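Engineer: Fold the following.
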Amino acid sequence: MKKANSKLEEALYSMEEGILNLRKQKARLEKIFTFLQDLSTATDKIISLDISNYRDWQEVKDFILKLGNNLSFKPQSIKIASSSQYSTEHEIKISEFVNEILSLRLKTGIDINNSTYIDDANYRKEILLKKFF
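Structural biologist: As a prediction, the model looks like this:
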């Protein structure tokens, strides 16, 4: 547990622009949730979580629901994995899980997105900027 906490603390100190990058973490999301609960000063600096390496969809869903119900710490956004990161035969089944998790946006008040969503939004933003400027 101490090793996991030290790696989480390292991720916290190397955080950029309020995004806590948890992609290199091997700790379970339950341990990450407990770690975030124990932080009192750092949670006001964390705006977003990147958990895009986690593929246990039920664990991801439970983690997001816990954060949504949490009164002491709730990030503004969470980046999850994209279903397109899988082979075609698994993509359809996985996309159901991803869509179920993305639908938690209203329930939790957290902006849940994946790289596909972010890339699409950035592309649309670039098109609009070119169109109007």
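Engineer: can you count the residues close to Ile80?
Structural biologist: Neighbour count for Ile80, taken as other C-beta atoms under 10 Å: 26. (C-beta placed from N, C-alpha, C; glycine too.)
Engineer: Am I right that it is in contact with Asn53?
Structural biologist: No - checked against C-beta atoms under 8 Å, the pair Ile80 and Asn53 is beyond contact range at 9.7 Å.
Engineer: average pLDDT across the strand or helix carrying Glu10?
Structural biologist: Element membership for Glu10 (DSSP states H and E) is helix 2-13. For helix 2-13, mean pLDDT rounds to 77.
Engineer: got it, and stretch 80-90?
Structural biologist: So the average pLDDT for stretch 80-90 ends up being 63.
Engineer: same thing with stretch 33-50?
Structural biologist: On average, stretch 33-50 scores 80.
Engineer: how long is it from one end to the other?
Structural biologist: Using C-alpha to C-alpha, to the nearest Å, one end of stretch 33-50 lies 13 Å from the other.
Engineer: chain center to that stretch: distance?
Structural biologist: 13 Å (C-alpha atoms, centre = their mean, to the nearest Å).
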